[in-house]
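J.: Everything below, folded, please.
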Amino acid sequence: MFEVRRSLLQTLVTEHRPRIISVAIALAFSSCTHSSWRLGELTPAAMPPGDVMTPSAGSADATLPPPLLREFRGVWVSPVEQGEWPSRPGIDAERQKAELSALLDRARDVGLNAVIFHVRTGGDALYPTRRAPWSAYLTGRLGRAPSPGYDPVAFAIDQAHARGLQFHAWFNPFRIAPPMAQARSTAGAVATEHPEWVVRYGDELWIDPGNPAARRAVLDAILEVVDRYDIDAVHIDDYFYPYLEEHAVHRRVRHGHHWRRITVHEIIRFADNSTWRRYGVKQGWTDRADWRRANIDSFIQQLYTEVKARKRWVQVGISPFGIWRPGHPEGITGLDAYSEIYADSRKWLREGWLDYLAPQLYWRVDAPQHRFTRLDAWWHSQNTMERHIWPGLFTAGAATRSGNWPASDIVAGVDTLRALGDAAPGHVHFRLKSLLQDAPGNVGDLLRDQVYTETAVPPASPWLGAAVPALPRLFPPPGSVGAARPGERPARQKGAPAIEVQPGDDVPVRWWVVQLRDGAGRWTTSLHPGPERILSLALPDGSAPAAAAITALSPAGVASAAARVPLPEN
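T.: I've put the predicted structure just below:
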């Protein structure tokens, strides 16, 4: 991804009612029978009108919430190339936590609903593991743990979920990040433990995808994160085999009776001769390029199969280079990822070896060859398994002072994708640093004020589980007043109203969606982690709502009917 960014940069240059409180909500429940507290268990004949809602736009009933707006709004977060977190290596753990919390606040406030968080930038880890040394991006030294000790990934997941943000764990599978000196001498580093798996390419070290044991180790490292953490997705980008580089070669050539020295630039060859002979030629392969693609295909297929065997609901997302091959569609030119980095991303999409594809459409909407719109349409035309296609946007291009890429073009890109009418729309911004308040172009504020004016819920993935959760079961919150004597009204108390919620059946609840209406008829939406049982019903200003409804989302994002919270009248 960062290699693509560098090449692109080179191209660019040539809601008010505080009187309603939890006690009053409990009294509203007490006006029903005990069983009527459990709204999800009521028969239609016994159910108070409107407790089960399948709302439709334009409904005359002001207590019915609008349909859930579905759109994936993601952003990449990485320490690489002076990234957004941590601000610099070596800052103490408490400052790291504070910085990350502020970044996640910003992601939520802009209107995003997912962070794609770099957990392994290469042969390192931003979490404790025996499979790799601690990342130098955390402490300034490869293998040195944060102080005081903590698990940055566990912290990031908890903080993201608390803000209604999905957490996608991002891996670079085969690249080993520099510096090479540390990579070759640090205990636990792959280059130290298994030098036979490692190939030097230019100034970097790479794990050879042609070695089956090396591929297995990379896969196991990803699966360890799936097993250990409550992630929403595994995400890998475009680092498979390296993008081609050149180096200078000095030669002596004869010119007449004299010799002279010349310098030529040649493409660096990936030094996998030994694995090619052992695992390619000996197994009947005759074309090294086909064999290299087969190595990556095998890795992708195994990754998808084994993630689903552990946690079916955890998505697998891949972000390839935006062009599969030049000429697809006709007239498109550019880098050939199929032949250069041996990434047959069209095959992975067609085979259904992923849940979402985020092709890096890092061109302006009005770019030559109309690459942005035509490539998006082409990727959709190849989507025979009906997976999600959520293009990557080069938002970083607009967060510069050059003026070559106006912030309005990012808005236009989102509007263009929405206009195509995808039933499960979405997109991903590269990168969160570009959306901060002090970033040039004010892209984040522009998106918040003009594009993300309503909260969106990520689209469902029914192929990961089509079961529809039952209506949520609602109860007065613990410690609230359950009833009042006939003819009496309880004294109003200060504090934000709340409700206790339970799943209506055995379909797991990944998220609760809380929809609240203020006195002016405006609805707000928020997401809360499924394990939560006490949900706040406070409007953004802290006041109580005029109407409230709660929807359950399954791990695959499938929504229940909305349960209306019985609120007392004023």
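J.: CA only for contacts and neighbour counts going forward, please
T.: Fine.
J.: Using CSV, write out every CA atom in stretch 62-72.
T.: Extracted in CSV, the C-alpha atoms of stretch 62-72 (Å, rounded to 0.1, in the frame of the first residue of the first chain):
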residue,chain,number,x,y,z
ALA,A,62,-43.4,9.6,15.1
THR,A,63,-42.2,6.9,17.5
LEU,A,64,-41.1,4.6,14.7
PRO,A,65,-37.4,5.0,14.0
PRO,A,66,-36.1,5.4,10.4
PRO,A,67,-34.6,2.3,8.7
LEU,A,68,-31.0,1.6,9.6
LEU,A,69,-28.7,3.4,7.2
ARG,A,70,-26.1,0.8,5.9
GLU,A,71,-22.7,1.9,4.7
PHE,A,72,-19.1,0.7,5.6
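J.: heads up, I number from 55, so please use that
T.: Sure, I'll start counting at 55 from here, so that last one is stretch 116-126.
J.: Going by neighbour count, list what's buried in it.
T.: Buried residues in stretch 116-126, counted by 16 or more other C-alpha atoms under 10 Å: T117, L118, P119, P120, L122, R124, E125, F126.
J.: okay, who's weakest in these by pLDDT?
T.: Looking at those by pLDDT, the weakest one is T117, with 78.
J.: Am I right that that residue is in a helix?
T.: No: using DSSP: H, G, I helix; E, B strand; the rest coil, the assignment for T117 is coil, not a helix.
J.: the longest helix in this structure is where?
T.: Using DSSP state H, we find that the single longest helix of the chain is helix 342-364.
J.: hmm, who's touching the helix or strand just after it?
T.: The helix or strand immediately downstream of helix 342-364 is strand 369-372, counting by DSSP states H and E. Residues outside strand 369-372 that contact it (C-alpha atoms under 8 Å, 6 or more residues apart in numbering): 286-292, 358, 361, 408-413.
J.: biggest separation within these, which pair?
T.: V361 and P413 (21.3 Å; C-alpha to C-alpha).
J.: So between those two, which is more surrounded?
T.: Shown here are V361 and P413; by other C-alpha atoms under 10 Å, P413 has more neighbours (26 against 21).
J.: what does the model give the more buried one for pLDDT?
T.: The model's pLDDT for P413 equals 98.
J.: That one against H442, yeah?
T.: No: at 11.0 Å, P413 does not count as touching H442 under the criterion of C-alpha atoms under 8 Å.
J.: A210: helix or strand, and which one exactly?
T.: If you go by DSSP H and E, A210 is part of helix 206-216.
J.: before we move on, what about R254?
T.: Applying DSSP H and E as the criterion places R254 in strand 252-255.
J.: which outside residues touch that strand?
T.: Contact with strand 252-255 is made by V244, A245, L259, W260, I261, D262, P296, I322, R323, F324, A325, D326, as judged by C-alpha under 8 Å, 6+ apart.
J.: let's see 10 Å
T.: 228-230, 234, 238, 244-246, 259-263, 265, 268, 295-299, 322-326 (C-alpha atoms under 10 Å, 6 or more residues apart in numbering).
J.: can you give me the helices in the stretch 505-624 of the chain?
T.: With DSSP state H, counting those that start in this stretch, there are no helices along the stretch 505-624 of the chain.
J.: Also the stretch 155-304 of the chain?
T.: Going by DSSP H, counting those that start in this stretch, the stretch 155-304 of the chain shows helices at 190-193, 206-216, 234-239, 244-247, 266-282.
J.: Any idea which of these gets closest to S155?
T.: Closest of the helices of the stretch 155-304 of the chain to S155 is helix 206-216, at 6.8 Å (criterion: C-alpha to C-alpha).
J.: in that closest one, what counts as buried?
T.: Buried residues in helix 206-216, counting neighbours by 16+ other C-alpha under 10 Å, are found at P206, V207, A208, A210, I211, Q213, A214, H215.
J.: nearest to V563, of these?
T.: Distance to V563 across the buried residues of helix 206-216 (C-alpha to C-alpha) is lowest for H215, with 13.5 Å.
J.: Outside of the helix holding A210 itself, list whatever touches it.
T.: Contacts of helix 206-216 (C-alpha under 10 Å, 6+ apart): 147, 150-151, 154-155, 157-159, 161-162, 167-169, 171-173, 179-182, 192, 200, 219-223, 279, 282-286, 565, 581-584, 586.
J.: my guess is W432 meets R379, correct?
T.: No: W432 is beyond contact range of R379, at 11.4 Å (criterion: C-alpha atoms under 10 Å).
J.: more neighbours, these two?
T.: The neighbour count for W432 versus R379, taken as other C-alpha under 10 Å, is higher for R379 (21 against 16).
J.: Contacts only, for the more buried one.
T.: 386-394, 397-400.
J.: can you do 7 Å?
T.: D390, A391, Y392 (C-alpha atoms under 7 Å, 6 or more residues apart in numbering).
J.: Quick one: end-to-end distance for stretch 483-501.
T.: 11 Å (C-alpha to C-alpha, to the nearest Å).
J.: That one: which residues count as buried?
T.: For stretch 483-501, by 16+ other C-alpha under 10 Å, it's 483-490, 493-501.
J.: Please apply the same query to stretch 605-623.
T.: Buried positions in stretch 605-623, judged by neighbour count with 16+ other C-alpha under 10 Å: 605-622.
J.: same check, this time on stretch 332-351
T.: Buried-residue list, stretch 332-351, by 16+ other C-alpha under 10 Å: G334, W345, R346, R347, A348, N349, I350, D351.
J.: ok, so of the residues you listed, who is nearest V555?
T.: When those are compared against V555 (criterion: C-alpha to C-alpha), the nearest one is D351, at 43.9 Å.
J.: give the contact list for that closest one.
T.: No contacts exist for D351 under C-alpha under 7 Å, 6+ apart.
J.: pretty sure V468 is in a helix, no?
T.: Yes: counting by three-state DSSP, V468 is found in a helix.
J.: Which pLDDT value belongs to it?
T.: 97.
J.: Would you mind measuring from it to A267?
T.: Taken as C-alpha to C-alpha, the span from V468 to A267 is 42 Å.
J.: ok, now V370?
T.: For V370 relative to A267 (C-alpha to C-alpha), the value is 22 Å.
J.: In terms of packing, which of these two has more residues around it?
T.: Neighbours were counted for V370 and for A267 using other C-alpha under 10 Å; V370 has more, 24 against 12.
J.: low-scoring stretches of the stretch 305-454 of the chain, by residue?
T.: Within the stretch 305-454 of the chain, the stretches with pLDDT under 70 are 305, 316, 318.
J.: any idea which helix or strand carries the closest residue to T387 other than its chain neighbours?
T.: Closest residue in space to T387, ignoring its immediate chain neighbours: P380 at 4.8 Å, by C-alpha to C-alpha, 6 or more residues apart in numbering. Assigned by DSSP H and E, P380 belongs to no helix or strand.
J.: these two touch, right, P380 and D390?
T.: Yes: shown here, P380 and D390 form a contact pair, counting by C-alpha atoms under 7 Å, at 6.0 Å.
J.: ok, what's across the strand from the residue minimising distance to the centre of the chain?
T.: When C-alpha atoms, centre = their mean is applied to the chain, the residue found nearest the centroid is I170 (3.7 Å). Legend: beta-bridge partners of I170 under DSSP bridges are W130, H222.
J.: next one: the one 4 residues further on
T.: Legend: beta-bridge partners of R174 under DSSP bridges are F225.
J.: give me every residue that touches it.
T.: Applying C-alpha under 7 Å, 6+ apart to R174 gives the contacts L180, W224, F225, N226.
J.: same thing with A168?
T.: Neighbours of A168 in contact, by C-alpha under 7 Å, 6+ apart: R127, G128, V129, L219, Q220, F221.
J.: Done for today, thanks.
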